Structures are given as C-alpha cells and as structure tokens.
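K.L.:
got a structure for you, letters missing:
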Ligand SMILES: Cc1ncc(C[n+]2csc(CCOP(=O)(O)OP(=O)(O)O)c2C)c(N)n1
C-alpha cells in the first residue's frame, strides 16, 4: 500500500488497479472488528485513487459530502498505519476532519454541505488569484437536499473553475427516493447520453496520458463546448432538446444551473476516471461529472445488502455476517419508537410518520412496512420535512417526525417559524439524543434541550425508559402544541413495554424515591432520561454511605414540574441534576432559573456535558466516565460538597 498521495502519482494504471484491490481488502478486513461505513467506501476506491492521481492535495481541495466515504482518501494520505483505529478512542475519526490531516480540507458528517463549501473555496481562490483545483464529491442522495441546489444556483455566477463529481449509486442509506432519483435514473438509462459518454470514453482512450491532457487542455481553451466539438462530440446545446423539464432524461438540470454535464461514466473504470478528471482539470467552465458506482463493490455481502453495509458494527469479514443479538438484550429505542408509531397510527386516523432518509436508523421502517400509506420519506431534507409536517398539522393530521437530534438542527428555523410560532401539533421524536460515540461530534445530539427550551409553545420530554417513550408518544398525540421527545441511541433499559401506552400528565415529574427522614444529609437527585439510571445507582451508594437520598424522574424539560422541583429544592441540603446534554442552557439550567425565581437557596450540582465539542470514542461509557457523567463522579461530587473526604474518586468538572 502507498505511503502518501505523492506515491500514488508514480504508479502505473496496472499498479493502481492492484492498489485498488489492496485497499478493498484493507477496508473489508480492517473494519471487521470495529465496523464503519464499509459499503460507501468500497464504492469510491477507484474514484479516490483517480482523484489523488490527477490532483495534488493539500494544495488542491477535495470536499466530500457527508464525508463518510473518506476512508480510502485517509488510506492514501498517510493514515494507513492508523486505519484500524478508525472510530475508536484516540483513533482516526470516521469523517473528514481538518484537525486530523492537512489533506482534509473541510469537515462534515451532515449531508448536503459539499457543494457550498467547495464553492466558497473556489470563490476565495479566485479572489486571491491562485490556481488550486476544488473538487466537490457528492452522492445522489445529496441531491435530495436543498442546500446542494442552493449551491448549484450560485456556481455559474461565482466562478469559472469548479468540479463537481456526482457519485451515483442509487442509494441513500436506504434506496434513494423522490423525483431527483427518478431523474438521475432516466439520465443514466438515456441511450443518447450513454452514446455521448461512450464517444468521450473512446476518445480519451485513444491517447496516451500526457498527450491526452495536452490535447484536452488545448481544446478546453475554447470552452467546454469547443472541447467537445473538437474531440468529435456533439455540442451540448444540441443535446439538450428536452421538454425543458428534464422529462426526457436530459442533463438540462445541471446545464441550466450553469454547470456542464459529463456522463454517465463508469466510476470503477480507473483509466477512464483518470482521463476524465484530467479533462475536468482543464475546463474553464464549471463542470459536473456523473459517475456510476456500486455501493459495496467487490464484497458480495455488501452488494447484496447495501442498506445494512452502509454503516454497521463488527462483522465477520469472511462471511459478512454480523453477531446475533444476545438473548435478553433490551430492544433498541428506535424500534420501540417505530412500533409505537404503528400502534398509534392504527388507533388514530390522523397519525402519520415521517423520516428524512433514515427509515432504519429512526425505526420508521416499522410504519413503512405495516402502513405504507401513512409513511413519508422526504429524503435528506430535514427543513422541508419539518415544514411539510407543519402543513399537515394545519389540516388536522398528527405527524410524528423522527429525526436524529443533531440532524434536526438543520431545521431549526422551521421549528421556530413554521411549527412553534403557529403552535402546530407536530410530534418530534429525536433519536440519538446524547452521544453517538463512534461517529463523534458531528453526530452527538447534545444541544436540543437548550435550542428548544427558549421557544414558546414547546412541550419537551425525555423518557427514562422505553415504556415511558411509548407513553410520551401517545401523550403527544393528545397535546395541541409542538412536542419534542428526546431519547438515546441504542438499547433501551429493558423494562416491559405495555401493550397500550398510557397518558402521562404534562409537566409532571415522578418521585421515584422520597427522603427517608433518617437524619442523613438530604440529597435530591434529578435524573433526566438515560441519566435516571445513573441517578438511581448513585442513590444506592450514597444511601449506603449514610445520606438521605431522593430520586426524581423529571420527565419534562419544558414545562418543568415547578412544584416538585421547588419542594425538593427547599427540603434538600443539595440538589443534583443529571442530563445527557450540554450544561449550558440545559435541564439543570432550567432548574437554576426556577430556583432563582422562587428564591430557593439550596446549592445545585449539575452533571452534563461541558462547553466543548466531545470527541468520538469506542464506547459511550468511556466518554461518560471521562467527562463525569457517571455514578462515581456523581457520588464524588456530592461527598465533596459536604466535605466528606472518604471519596477516593477524582472529581470531573469541578465541585
Ligand atoms: C443532514 C443529514 N441528514 C441525514 C444524514 C444521514 N445520512 C448519512 S449518509 C446518508 C446517505 C448518503 O447517501 P449519498 O449521499 O448518496 O452517499 P452514499 O452513501 O450512497 O455514497 C444519510 C441519509 C446526514 N448525514 N446528514
């Protein structure tokens, strides 16, 4: 395997093809232990090699959309020795990261950003008069996202030199949806464009590499159209004889955006990719190259199950099998959400479910399967999805919008302007609220309490277990306001889920353990959501050490239960709030605000994430322990507060 990008440039095409094979083996074997985005990376092996053969990073800039497909780029840019640490503690990040390598020109994790970022770089380059090439690499699903179109709308009047590569494998995580995916399909099956691509391919294959670049550079002086004419291809205008709506599968969409379209070409044909990129490099007009790739290329198991192999945990490299779930493992929160959605939809005609391209990740696939007519996949279009749901709500429907907490940030203004301001009863199920440990800061969902709590009309809750999640979802269908339910990634607590979810009282906390009035120091532990389990365990230890401990499940972060907080606040010697969320503006802050207003003087210790972006790690527990969201740190903080020095645990985050 190569040491760095300069090494790639020295290899011949057969050697590069051999390299592609080595990379595939490393991807398949290297990810087996810890998992990762195997399928997308197997699909871009040749593309990544060709990019590094033709362009020179870090001077030239590659901007990858989502950037879950940068593993090959990492292998080629001096990170091969650390590759097997990817997504693990202190290891490589699973996405492009500016702090990790000078070859990662732009970080990402959320979809739809590549074209805008690359265009910004191109504009800056033009301003400073330098000559870097900027290449945006985006998937077909990125074109379901509005930002991509906002960027394309701006390309032609911003710069003359811009290369977009549309990596089309027909898949998002699930099968890509919507008109754009139909459009791309028409484009790739249109015989005229296939002929054009063939002509181009035949042309570029006729010349040895150096000669071709020269010839193309020369032709390109007259612009792309001239180059095409010059190489014996028909000028683009004569090709765009569609109905003007792209209805005949023409590239009019890109052309009208001011980007020349070239394709579709085989994205696994290394020499063709190299020649095409050489050509693109010489173009004096923005160009988009449409390449066709296969997600999972070279690995039977991934080709058969593209959705599963988009991103997965450990698997057997030889067979592609993933370990069976151990008997007795609690259900995943996402499945409880999806199954509850089905239950609610069956009982209530107005309930519909919505996902933004994440039917499996959010569990909405259960509704898709059981009641497809009540299910919507809007594509990677969180903003549209939220406003779409708001529209439905005005007509009496009860949309359940299932979007990961961090992706919902995309739709912040829509939550404000379209949902909350009009007080519409949209139900938000925010999965991955808390850490997504392997993914890291792009995916941690630890800001939603703060970003929602400030909006009027919001009802926000966090279940302590899966049964409570179902109850909260049912309750939300009866509330005439926007409701938000946050719950963590992964396995739930393992409590039985009732057949019929029950109504819970809005704004009411649950006292799980009251003070014993046994003369010990009184400590009230308010454990929100998944931190409730930690509060309960800390209570056992503190009780054993002679403290008089109450445990409360707050359930609501807005409105918080003023009566329960105030009464425990007054009675306790110390209040502790625990939340799987940043401390700034979070649940503990809400408690402090209340205590300030009600003149409750009791000290409050807040446990939650500090004011910094939290890195990725192998497990959530490692990060929780490191940052003090743990039983040991809770106990230590309480003891330190009372000057009890018997605690051997080092404090995290100050007293
Ligand atoms: C804003 C946002 N919403 C959802 C996701 C989840 N997500 C990650 S990759 C992906 C699909 C990407 O498909 P595509 O761009 O076609 O690339 P491919 O994996 O097929 O190569 C989705 C929906 C995300 N990363 N960001």
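P.N.:
Great, that's in hand. Predicted model only: the values in this text are computed from it and were never measured.
K.L.:
From now on I want contacts and neighbour counts done on CA atoms only, so please keep to that.
P.N.:
OK.
K.L.:
wait, doesn't residue 134 sit right on residue 120?
P.N.:
No: Residue 134 lies out of contact with residue 120 (CA atoms under 8 Å); the separation is 9.7 Å.
K.L.:
Contacts for stretch 583-597 next, please.
P.N.:
Residues outside stretch 583-597 that contact it (CA atoms under 8 Å, 6 or more residues apart in numbering) are 447, 449-451, 557, 560, 562, 565-566, 569, 577-579, 601, 604, 606-611.
K.L.:
how about 7 Å then?
P.N.:
449, 450, 557, 577, 579, 606, 608, 609, 610 (CA atoms under 7 Å, 6 or more residues apart in numbering).
K.L.:
which of the residues in that stretch are buried?
P.N.:
583, 584, 585, 586, 587, 588, 589, 590, 591, 592, 594, 595 (16 or more other CA atoms under 10 Å).
K.L.:
Likewise for stretch 510-522?
P.N.:
Quick answer for stretch 510-522 (16+ other CA under 10 Å): 515, 521, 522.
K.L.:
Stretch 77-92 now?
P.N.:
Buried residues in stretch 77-92, counted by 16+ other CA under 10 Å: 77, 78, 79, 80, 83, 84, 85, 86, 87, 88, 89, 92.
K.L.:
what about residue 77, distance to residue 95?
P.N.:
To residue 95, residue 77 is 14 Å away according to CA to CA, to the nearest Å.
K.L.:
Residue 650 too?
P.N.:
Noted for residue 650: a distance of 33 Å to residue 95, by CA to CA.
K.L.:
Likewise for residue 446?
P.N.:
19 Å.
K.L.:
Show me where the stretch 551-655 of the chain has its strands.
P.N.:
Ranges of strands within the stretch 551-655 of the chain are 556-558, 574-582, 603-609, based on DSSP state E, counting those that start in this stretch.
K.L.:
one step back: out of residue 650 and residue 95, which sits in the more crowded spot?
P.N.:
Between residue 650 and residue 95, counted using other CA atoms under 10 Å, the more crowded position is residue 95 (28 against 12).
K.L.:
so the more buried one, which of the three states?
P.N.:
coil (DSSP: H, G, I helix; E, B strand; the rest coil).
K.L.:
What does residue 413 show for phi and psi?
P.N.:
Dihedral pair for residue 413: phi -60, psi -30, per degrees, to the nearest 10.
K.L.:
I'd like to know how many residues surround residue 127.
P.N.:
10.
K.L.:
residues contacting it?
P.N.:
With CA under 7 Å, 6+ apart, residue 127 has no contacts at all.
K.L.:
Could you confirm it falls within a strand?
P.N.:
No: read with three-state DSSP, residue 127 is helix and lies in no strand.
K.L.:
That one and residue 158, how far apart?
P.N.:
Taking CA to CA, one finds residue 127 at 11 Å from residue 158.
K.L.:
With residue 253 instead?
P.N.:
Distance, residue 253 to residue 158, by CA to CA: 18 Å.
K.L.:
Tell me, what's the model's pLDDT at the closest residue to residue 334 other than its chain neighbours?
P.N.:
Excluding the flanking residues, the one nearest residue 334 by CA to CA, 6 or more residues apart in numbering is residue 363, at 4.7 Å. pLDDT for residue 363: 98.
K.L.:
Can you get me a residue count around residue 363?
P.N.:
Other residues close to residue 363 by other CA under 10 Å number 23.
K.L.:
try residue 325
P.N.:
9.
K.L.:
quick one: least confident helix or strand in the chain?
P.N.:
None of the helices or strands of the chain scores lower by mean pLDDT, DSSP states H and E than helix 236-239, at a mean of 40.
K.L.:
What pLDDT is listed against residue 655?
P.N.:
pLDDT recorded at residue 655 is 53.
K.L.:
Alright, calling it a day.
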